[in-house]
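**Q** Can you look at this prediction? I've put the sequence above it.
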Amino acid sequence: MTLLFWAIAFFGEAPVQDTVKLEPVEVYAPALDLYAQGQKVIAFEAETLQAYAARSLGDLLQEKSPVFIRQYGAGMLASPSFRGTSAGHTAVFWNGLPINSPSLGQSDLSILPVEAVDGVQLQFGSAGALFGNEAIGGSLHLSSESDFGKGFQAALSQTVGSFGLFNTSFSGGFSSNKSTLQGSQSPQSTLQGFETLGGLSGRFRKSFSAKTRLYRQFANNDFPYQDLSQAGTPEVREDHAQVEQLGLVQDLAWNLSTKDQLKAAVWWQKSDREIQPPMGSNTQDLQSDESIRAVIDYFRFGKQATLNLKSGFVQDRQHFNGSLNQTRQFLLAADYDAEVGEDWRFKAGARATVARGDLSTYTATDQRYEFYQSARWEGLEDLSLSLNLRQYAYSDGFEPFLPSLGADWGFWENGKNSLLLKASIGKGFKLPTLNDRFWQPGGNPDLQPEESLNGEIGLNWRKTGDFSLDQSLTYYRMQVDQWIIWLPMGSVWAPQNIREVKNQGIEYQGNAEWKTGRWDWKMGLAYTYSRALDLTTEPSHPRQLPYTPEHQANGNLEAEFGGFSLNLSSFFVGQRAIGTGNARVMDAYQIWNAGLSFSQLKWGKASFPLRFQVLNLLDRDYQVLYLRAMPGRSYQLNLTIHL
Amino acid sequence: MTNLFKNRLWVLVFLVFAFACSDSGEEKPLGKYDTGVLIMNEGNFGANDGEVYHYDPATETLTADIFELENSRPFAGLLEDMVLEQDRLYLVANTGKVEIVNPGDFKSIGAVSADLDQPRSLATASGKLFISDYGPYNASYATPDSYIAVVSGLDGGAVSKKIEVSNKPEDLFASGKYVFVAGSEESQIEIIDSEKEEVVKTIEVSGRPVQFFEQKGDLWVYSYDSEHIYFQSFHLDNLTKKEFRELPVAKATGRIALGEDLKIYIITSSGWPEYQDGVAVVSLYDSTLIPAWKSGSGFYGIGYDQARQEIYLTNANGFQGNGTVTVFEKGGTEVGDMEVGRGPSGFLFR
């Protein structure tokens, strides 16, 4: 299937330069949801990503998705929790390349700036068969998207804001030879029930595309807060949370012939951070994270089939107070995707990964091999079924076959209204990380992989027309077993397969769009109920896992008129305990953000979109994690020059 | 009118009487935390959720987080030690502060909140505070700059001097004008003259000295290594060694409690990877030596209630959440247990 710029597929027009209708992007990428029938997938609008360009993926997910982000302060470690699972239960991909650290088994979303990517998709639930290791609670898919036939393009963007925020970014691109799509383009329903263009065999003429992005994001984070650790709880300024991030993203694509496409992307980033201590501590830790990620894809398009060869490299170097931990991963993958007859579609592939860790206390190498296959059947109108299987082999053994089964059934349609039923069941797993197995002292080479089983059922109601509506309600159940926890054994902490957790929950999402006169309105509401019961600590009286809110919600309202756009949004995070048992419970909080933008400032071909945002509008004093101060009201002003 | 006046007069008389009582000191009514058991919960690294729980064995009432309850702000630190001296309770946080509260009602009196690194314990002498502090970590997580911080008043304030001592000082003990320092890493007892504010004598001992205590009128220091435990007493007049005991208790930790009949209860831990914890019982004055009075895993703190002759043993439950305190009678029979704060590590029996 040809990937289309989802923003266009979903929303039909380009953001900001709204007078230019974007052409479909022909740089190919296999669609995330091709075999993900019955699973919940969210894709963010390009507009939303632009509004968050000066911020991190952690902020985006916390404020705009059902994911809970454990945030250790402003610009500090932000780890995702999908459906009550832990940060290590989230697989993270960039252009199809797994980028979680092999030593930590997770990603810090605070050092994945939204600026660096063009597409963000979230998949919920265990999908080991489809996405492999670590897709237990869900997976996060980041992508670069470049296009052909655009000639020269450039943009310079500057954001200034409270607490010393000063972000600068530049992007420039050239693409030659506007090409046309000639493949089969039958509309297909995706997970969300949206229609998008499908078809396997895009045909390209020889052409070239290059895009370069450079960014620097800086914040002093010297925000005032009430220091609860001191007598009289005086207001003080945070003095150890400065963050600087530098990055370069290079995307390249060549259409070598009408049947071959080569694509490459490189992402370098360095973050230097003063680690914000919790209130009551005076630590002065310094952390520097430097990553290089590179991926090359070759696609060969047949009449009814696509071959993809992928090679990737990820290097992470983390300096913590002068101590260096470094990991490297190499990946080789091949897969073949083919349509067979009218009703069937198959994919089969293999992936090999070599990970090497040179950490402050150990050196270790790990090799992993995966074989996977997927099948989709669309034999009945409005019904599609998929079956995915994956076999994983690693240095310590074979993981049993990981299956998943899903269905999408568009069971009712009446004029503008349609209903889609989705159901799926799947397994997920997570191999013990290099640190889990080899850290000295404490590493436990006898650990078993963590395992999960997830089932969900969802209903999607879509209404088109003047008042368009898209609502979905999902119920899920999940069990995670052999969950690895580091526990103290005397003065040494060591990991053990100890925790067993039963999760279930409800996720609601609704979006509406309508017009009143010359005003365009958009509204979104989301609510998540998440019960994640720890069956280990007190099996007879299981309680909610630490730092896992039962209730979360977010909403936004946007109005557009003559190039002006006004936005008001809010997110709510419910109470959460800071430990197991009858531990301290932290207050719920609700934060409001507001924004105003103007996109019609133009001079010749150049446009100058302006954006002003107020974060934490009501200056709410809150903590996500206990005693980790968070900033109050702040302002951001952004000016971009598009050439 | 007359009646009203009468009533007012009685109120006045009562007030004067009440103030007179409190001024006299001796007859001051007991505060709600002046009896019962104070449970010290260290808290979890990075969370700073150390706190004090209060348990009243008579009514079996447990009150959580009493610092926050009485001061309307969290303790916000890792609680390393509680020291009751000079009618003040000093709460020593190894995250860099000392909170000073009134022991009766736990209301804050003062604090030492600046110029400390990793405070471990405290003693008072000559109207001053002496605070043992590991000092900052260097790049290889060593603490070559350990010190004893001096604060001029008993109610806290600024650190006026840092007296350099051997690495990783732990417990302190004040005797007259002298402050004894348990220099754990370099097996030294350093003695500070609290008036001159300098180390006047250094005494070598065996093992890692961590805890001072008094028995039969003598000052002892307890120390341990992987195979043995050691007890050394001192002549307080000429600051020299007095008596020495060495006992074959392996894998001892620094956590001890003084029990009935001069017995000493000691937590032992094999550590990683076997991880077997236990409680050994020894005596300095007879041949008592029980290597494993209790065994299990996760033992973190121990205390002894002299009034009820009960042993309080804590389990940190892996620091994942709240810890547990199990109470035993001296014969070893379990009397009961309770869920307390995170990382319960010690007790103060009032």
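**A** Perfect, thanks for sending it.
**Q** For the stretch 151-300 of chain A, what lies in contact range of chain B?
**A** A:228, A:229, A:230, A:231, A:233, A:278, A:279, A:280, A:281, A:282 (CB under 8 Å from any CB of the partner chain). To be clear about C-beta, it is placed using only N, CA and C from the backbone, and glycine gets the same treatment.
**Q** Save those residues as TSV, and put in neighbour count, pLDDT and secondary structure too.
**A** Converted to TSV, those look like this (neighbours: other CB atoms under 10 Å in any protein chain shown; pLDDT from 0 to 100; DSSP: H, G, I helix; E, B strand; the rest coil):
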residue	neighbour count	pLDDT	secondary structure
A:228	20	96	coil
A:229	25	94	coil
A:230	18	92	coil
A:231	17	89	coil
A:233	17	94	coil
A:278	23	96	coil
A:279	25	96	coil
A:280	25	94	coil
A:281	24	93	coil
A:282	17	88	coil
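**Q** Which one of those is nearest to residue B:88?
**A** residue A:231 (14.5 Å; CB to CB).
**Q** Just confirm the closest one contacts residue B:112, I think it does.
**A** No. Contact criterion CB atoms under 8 Å: residue A:231 and residue B:112 do not qualify, at 10.8 Å.
**Q** Pretty sure residue A:503 is one of the things residue A:535 touches, is it not?
**A** No. Residue A:535 lies out of contact with residue A:503 (CB under 8 Å); the separation is 10.7 Å.
**Q** who's more crowded, those two?
**A** For residue A:535 versus residue A:503, neighbours defined as other CB atoms under 10 Å in any protein chain shown are more numerous around residue A:503 (22 against 17).
**Q** Contact partners for the more buried one?
**A** A:83, A:84, A:85, A:476, A:477, A:478, A:479, A:480, A:530, A:531, A:532, A:533 (CB atoms under 8 Å, 6 or more residues apart in numbering or on different chains).
**Q** How about the helix or strand harbouring residue A:399, which residues are buried there?
**A** Residue A:399 belongs to strand A:397-414 when elements are defined using DSSP states H and E. Within strand A:397-414, the residues that count as buried by 16 or more other CB atoms under 10 Å in any protein chain shown are A:399, A:402, A:404, A:405, A:406, A:407, A:408, A:409, A:410.
**Q** Now distance to chain B and pLDDT too, for the residues you listed, in JSON lines please.
**A** Formatted as JSON lines, the buried residues of strand A:397-414 follow (distance: CB to the nearest CB, whole Å; pLDDT from 0 to 100):
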{"residue": "A:399", "distance to chain B": "25", "pLDDT": "70"}
{"residue": "A:402", "distance to chain B": "29", "pLDDT": "92"}
{"residue": "A:404", "distance to chain B": "31", "pLDDT": "96"}
{"residue": "A:405", "distance to chain B": "35", "pLDDT": "97"}
{"residue": "A:406", "distance to chain B": "35", "pLDDT": "97"}
{"residue": "A:407", "distance to chain B": "39", "pLDDT": "97"}
{"residue": "A:408", "distance to chain B": "40", "pLDDT": "96"}
{"residue": "A:409", "distance to chain B": "42", "pLDDT": "96"}
{"residue": "A:410", "distance to chain B": "45", "pLDDT": "95"}
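**Q** right, and out of those residues, which lies closest to residue B:152?
**A** residue A:399 (64.6 Å).
**Q** so what's the closest residue to residue B:261 other than its chain neighbours up against?
**A** Leaving aside its chain neighbours, residue B:261 sits nearest to residue B:283 (7.6 Å; criterion: CB to CB, 6 or more residues apart in numbering or on different chains). Listed by CB under 8 Å, 6+ apart, the contact set of residue B:283 reads B:261, B:262, B:263, B:264, B:289.
**Q** Give me the three-state assignment for the first one.
**A** With DSSP: H, G, I helix; E, B strand; the rest coil as the basis, the three-state label of residue B:261 is helix.
**Q** In a helix, residue B:141, correct?
**A** No. Counting by three-state DSSP, residue B:141 falls outside a helix, being coil.
**Q** Pull the number of nearby residues for it.
**A** 8.
**Q** For it, grab phi and psi.
**A** phi 60, psi 30 (degrees, to the nearest 10).
**Q** For it, report the pLDDT, please.
**A** For residue B:141, the pLDDT comes out at 87.
**Q** picking up where we left off before, packing partners for the strand holding residue A:399?
**A** The criterion is 3 or more CB pairs under 8 Å, 6 or more residues apart in numbering or on different chains; DSSP states H and E, and the helices and strands that strand A:397-414 contacts are helix A:128-131, strand A:383-394, strand A:417-430.
**Q** neighbouring strands for that strand, and are they parallel or not?
**A** For strand A:397-414, the paired strands and their directions (DSSP bridges) read strand A:383-394 (antiparallel), strand A:417-430 (antiparallel).
**Q** All set, thanks.
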